[in-house]
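coordinates only, sequence not included:
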């Protein structure tokens, strides 16, 4: 900008007059060639003036305006350029209305006038007294207002420039000292410019707007003064007559807030115009753990420029150049400020506590702390932190789990030895990384961050703040203790994108997403994982066409689940609550396999001995098409006529082979030679200990698919669960050691709910459990529903039974009438008693081992009790009632009360009361069928057992209603215990078939039986030995 | 930032010095010190000279002279050296703290923050033009209170009242640090990242930051011919450039 030496420039010097009344003149000097075109109207006459000219104040402003608008700065001297800059400020102030009327005596000294501006803005009332001596001639002017900081800063910058050198023009005798010259010339010039621009453009002025102060009492002469002043502020004549006190008084109304007291000094206070910023510089790229630099910068609010505090110590004096200003006293302001802030942010004290303060070296940890922890606090206290590296919070953070490789089978083969999907070593290698805003951070790198407690990452030139804690929580949630490495494949399910799981996750903790990726090697894993994820949501499948009965919806779902698992080559554990019909679901499944022709061999069903009759009866009832062979008993492996065992035949011909755990363990060598289709472990708690012979035998059996059934929840006994799952899908939950370390211990020892949830997620595909309390299930359940439980007969029972039947048919044929009826009824009672317990007929010990039905009852009651529920047991025999009390006392340690007809009604009422209020420690109450008369209310029980049958449903129903009453909120399950192969089963079938007609046909007594002819009677009474499955 | 100060060692020193001054007089002196009656105060050659307004309505002032607690002006260089080497003292002091070790060091070196003699001796040479014959008069006490409070509130005032004005020792510290910095390797990691902006750009930034004036209601009102005004306004380059 500055003209080079020798170039033609126009010099200008503004010289205010000696007193305020004289606005002074502008001296111009320069060869005509130097005069810009824009100044043409004021060109001097070179001949007459020799290039020099003096312009009046008014002309001077007009010329300057023309040059400024023509941007002719390049052609003028530095001094003139400063005047042009001042003009720009003045013009802008006028444009913004930042102007005030002013007046002072013509005779006042310039310096006094300019000082009075500061006094008028400040708190000094005095200031007029000096004017009284200066006469009554006043000059009215428009003066600049500096109420805004940018205006003060600009004026201060101009003043500093003026003081440096730019203005010139002082000479002895000018009327003021040299040290005041710059300020007087500059402020007088600003005043002149403002005044001239307004006078040239003014339309109207009102010093005191009408009406606003109408009530005010006017001083004498005030109105005239205001009018005269107003006139003097317009036009060319600025002179008016005034009174010092009155003028000052009016000025005091207008001037406070003008900004002139703050502008009184040439140097702004840093506290008013600056703030501190901390600049944090990371070590050179690529070096980790290096030294960071913290530099303190002073930033000027108006110029928006900065200088390091350190630069102050390079200046010649204590003034710091900031933008167009030199700011004085930065040290006095910044250093104590840093010291005070340093109480909370200790590194700031380090920037100060060093020779020539202003910077500090920081360790990485300190730098991170500053950026991460202290930045907001500092901002609150007006100190900004700047860094190319100011970390941004990472917007998108996710955990990426990469499944690398699967050590299991490459493809799916129909397992010949075990199901084989999850071998003991069938682990999946996986690794994880963290993806931050699209950039992947390796596990190692992330672990380093954690170790160094440094949540910062440099990504593509910016620093990202990593929510380390959230990621750790996410990792823990999804992967648990399992760090990268090898895990059982189902662990991958725990990162399920299953919607339910996702919802659960949101409820719980982290919002970090997990995404799963699969390496090419692991493609089969992906497929399997996805299929497993679908497994818990199988489509219901309608019961097969040959199925005699109807499945409830959830049972159809169970059927669909079995089928889905089979397609995946997986086994499963069905753990529905007792009474929900696990058996029928399995029967429907086996029938489905048969009808589709999918079975690749016979199925093997392993159950406790007592349940064999039940299975057989249920299969016969629901799926008579299925051919059943019971592999049990002493002669089971004897060679038959064809030189083969019954088992060999069955393997060829039968659909289902039923055996017991004990037999399976004993005959494992034979059974393992068979290519079973489905191997089912009923009451799978029998293999809860994986080391037992039974469990080992079960695992040794080759199968296309393995199923386990259990009615007791297992999640609480984790190693038992593992053992059952290990039978169903070997390796599914990893090795026992792995399972203990990563699953069982966190759950049991640390009560880690996340691990528990993870386990649940892992199990979801292969464990199906519905409970009676599940609302969806409940909808389907009748308020009371009946199940038949089938027991067999012990050899003793079978022999007694056969004896009674034989005796009856020997005699009955020869009798008629009442005698016949009596004999039939007597036999009926004795047969029922035999089914109940032999000692009712022949006496002897009340040992449960003598009655298969008693054993069944005890097993069922055990389940009821373990669920915390209560039961009623009805029997029609008084002796049986006592016997049940003894047996329960021996088995469970509590003795149930027995409510029967021999008691007074008060006694019975007390028994009922005790049971209802739970005063009775026994959760079981025994009742005689007939004593349970109308009026008893036993709604506390949810299970009703009919230990023996009354061949009239109405009587049983009435007994059942003891429990099921209106107001009963819980479902009631009715168990009817039936000895398979005996008249109990057959009459039951008869009643069921004729149920609708029951009332009409059978009345309320059992007498109708006596009316049957011999042949029917025989069919009814005869013992089916095979069905009764004589057990020992 | 509010500052909590556990101990007020300097204040205690002053209280010891002033122990035994008539309480009523002291109270009046404190009132004068606090209500703006001290209109001019300067330190000249071992004394603090002040003008204190008479408490009557006459606007009369009395000329008060109080001896400086100490006179260290000749030792200004030495005093500055403390701070050159102890930037923490420098910072804490300016922040209104009296570091214990600094106070201890000053006292040991004979630069007390309060007069070393009790008031009857110290104020023996004080003077006031008021007609009160009591000693010390409330005008003297007003100045004494001002001095004590100044030093307590703003520790560098201790030097001010001992003849070393702030600008003097600050300039000396600045000079010393400047010398040291020049001797050091001046290279800094940020060397050269300062942006020098064009004067014109900065100037226009400030001009454009100006907002229309909020004229006080009831004040002068003027309306300008905006058409005419436009011919007087300079173009704002930056505005054009930045648009």
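Arrived safely. No experiment lies behind these values; they were computed from the predicted model shown.

What is the end-to-end distance of stretch A:896-909?
15 Å (C-alpha to C-alpha, to the nearest Å).

By residue count, what's the longest helix in chain A?
Assignment by DSSP state H gives helix A:178-201 as the longest helix of chain A.

Now the element after the host helix or strand of residue A:909, going C-ward?
Assigned by DSSP states H and E, residue A:909 falls within helix A:905-916. Sequence-wise, the next helix or strand downstream of helix A:905-916 (DSSP H and E) is strand A:924-928.

next one: that next one to chain centre, how far?
Offset of strand A:924-928 from its chain centre (C-alpha atoms, centre = their mean, to the nearest Å): 52 Å.

Same question for stretch B:80-100.
16 Å.

can you check stretch A:734-747 too?
Worked out by C-alpha atoms, centre = their mean, stretch A:734-747 lies 26 Å from the chain centre.

which stretches of chain B form helices?
B:9-18, B:23-34, B:76-85, B:87-94, B:100-108, B:119-122, B:138-153, B:157-160, B:166-183, B:199-209, B:226-230, B:237-242.

will you turn those into TSV that also has mean pLDDT and mean neighbour count?
Every C-beta, even on glycine, is put in place using the N, C-alpha and C of the backbone. Output for the helices of chain B, formatted as TSV (pLDDT from 0 to 100; neighbours: other C-beta atoms under 10 Å in any protein chain shown):
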stretch	mean pLDDT	mean neighbour count
helix B:9-18	84	17
helix B:23-34	88	16
helix B:76-85	89	17
helix B:87-94	91	23
helix B:100-108	86	14
helix B:119-122	80	16
helix B:138-153	89	24
helix B:157-160	90	22
helix B:166-183	89	17
helix B:199-209	87	20
helix B:226-230	88	12
helix B:237-242	48	12
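
could you dump those to JSON lines with distance to residue A:367?
Shown next, in JSON lines, are the helices of chain B (distance: least, C-beta to C-beta, whole Å):
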{"stretch": "helix B:9-18", "distance to residue A:367": "37"}
{"stretch": "helix B:23-34", "distance to residue A:367": "47"}
{"stretch": "helix B:76-85", "distance to residue A:367": "28"}
{"stretch": "helix B:87-94", "distance to residue A:367": "22"}
{"stretch": "helix B:100-108", "distance to residue A:367": "30"}
{"stretch": "helix B:119-122", "distance to residue A:367": "53"}
{"stretch": "helix B:138-153", "distance to residue A:367": "36"}
{"stretch": "helix B:157-160", "distance to residue A:367": "37"}
{"stretch": "helix B:166-183", "distance to residue A:367": "24"}
{"stretch": "helix B:199-209", "distance to residue A:367": "32"}
{"stretch": "helix B:226-230", "distance to residue A:367": "53"}
{"stretch": "helix B:237-242", "distance to residue A:367": "35"}
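
Could I get those in CSV, plus columns for distance to chain A?
CSV is the format used below for those (distance: least, C-beta to the nearest C-beta, whole Å):
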stretch, distance to chain A
helix B:9-18, 17
helix B:23-34, 17
helix B:76-85, 7
helix B:87-94, 4
helix B:100-108, 13
helix B:119-122, 30
helix B:138-153, 13
helix B:157-160, 13
helix B:166-183, 4
helix B:199-209, 4
helix B:226-230, 4
helix B:237-242, 8
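
so which of the ones you listed comes closest to residue A:798?
Of all the helices of chain B, helix B:87-94 sits nearest to residue A:798, with 104.3 Å by C-beta to C-beta.

what's the angle from that closest one to helix B:100-108?
Calculated by axes from the mean of the first three to the mean of the last three C-alpha atoms, to 10 degrees, helix B:87-94 forms an angle of 90 degrees with helix B:100-108.

Now residue A:683: phi and psi?
Backbone torsions of residue A:683, given as degrees, to the nearest 10, read phi 50, psi 60.

who are the neighbours in contact with residue 149?
No chain specified, so I'll use chain A. A:272-273, A:301-302 (C-beta atoms under 8 Å, 6 or more residues apart in numbering or on different chains).

my question was about chain B
Per C-beta under 8 Å, 6+ apart, neighbours of residue B:149: residue B:33.

For the spatially most central residue of chain B, which non-adjacent residue is closest in space?
Residue closest to the mean C-alpha point of chain B, counted by C-alpha atoms, centre = their mean, is residue B:157 at 6.6 Å. Leaving aside its sequence neighbours, residue B:157 sits nearest to residue B:150 (C-beta to C-beta, 6 or more residues apart in numbering or on different chains; 4.0 Å).

Could you do residue A:549 as well?
residue A:622 (5.1 Å).

Next one: that neighbour from residue A:190, what distance?
108 Å (C-beta to C-beta, to the nearest Å).

Ok, residue A:728 next?
Taking C-beta to C-beta, one finds residue A:728 at 95 Å from residue A:190.

And those two? Which one has more around it.
residue A:728 (28 against 22; other C-beta atoms under 10 Å in any protein chain shown).

Now do the contacts for that one.
Neighbours of residue A:728 in contact, by C-beta under 8 Å, 6+ apart: A:419, A:571-573, A:706-708, A:766.

picking up where we left off before, from what I see, the residue nearest to the centre of chain B and residue B:151 are in contact.
Yes: counting by C-beta atoms under 8 Å, residue B:151 is a contact partner of residue B:157 at 4.8 Å.

from the contacts of residue A:149, which ones fall inside helices?
Checking those against DSSP H, those in helices are A:272-273.

Show me chain A divided up by domain.
Using automatic domain parsing, the domains assigned to chain A come out as A:11-264, A:270-390, A:393-415+A:430-534, A:553-729+A:766-779, A:784-1028.

How far off centre is the longest one?
In other words, domain A:11-264. Counting by C-alpha atoms, centre = their mean, domain A:11-264 comes out at 69 Å from the chain centroid.

still on that earlier bit, pick the one among the contacts of residue A:728 closest to residue A:32.
Closest to residue A:32, out of all of these and judged by C-beta to C-beta, is residue A:766, at 104.8 Å.

unless I'm mixing things up, that closest one is touching residue A:725, no?
Yes: in this structure, residue A:766 is within contact of residue A:725 by C-beta under 8 Å, at 7.0 Å.

Mutual contacts of these two, please.
With C-beta under 8 Å, 6+ apart, residue A:766 and residue A:725 have common neighbours A:573, A:732.

quick one: pLDDT of residue A:926?
pLDDT for residue A:926: 90.

That one: what's it in contact with?
A:872-873, A:875, A:881, A:884-885, A:888, A:896-899.

CSV for these, including neighbour count?
Below are the contacts of residue A:926 laid out as CSV (neighbours: other C-beta atoms under 10 Å in any protein chain shown):
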residue, neighbour count
A:872, 27
A:873, 26
A:875, 27
A:881, 23
A:884, 26
A:885, 19
A:888, 23
A:896, 27
A:897, 20
A:898, 22
A:899, 27
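
And residue A:538, what's its pLDDT?
pLDDT at residue A:538 comes out at 76.

and it, what element?
Here residue A:538 is assigned to no helix or strand, by DSSP H and E.

Touching, it and residue A:560? I think so.
Yes: Residue A:538 is in contact with residue A:560 according to C-beta under 8 Å; the separation is 3.9 Å.

thinking again about what came up before, ok, of the domains of chain A, where does mean pLDDT dip lowest?
Among the domains of chain A, domain A:393-415+A:430-534 scores lowest, at a mean of 69.

what comes into contact with the helix holding residue A:909?
Contact with helix A:905-916 is made by A:870, A:897, A:899, A:903, A:919-920, A:922, A:925, A:931, A:936-941, as judged by C-beta under 8 Å, 6+ apart.

So which of the residues you listed is the closest to residue A:746?
Of these, the one sitting nearest to residue A:746 (C-beta to C-beta) turns out to be residue A:870, at 35.7 Å.

The residue nearest to residue A:278 when sequence neighbours are not counted: neighbour count?
Closest residue to residue A:278 apart from its sequence neighbours, by C-beta to C-beta, 6+ apart: residue A:385 at 4.7 Å. Neighbourhood size, residue A:385 [other C-beta under 10 Å]: 19.

Any idea how many residues pack against the residue in the stretch 651-800 of chain A positioned nearest to chain B?
Going by C-beta to the nearest C-beta, chain B is nearest to residue A:754 of the stretch 651-800 of chain A, at 44.8 Å. Counted with other C-beta under 10 Å, residues neighbouring residue A:754 total 18.
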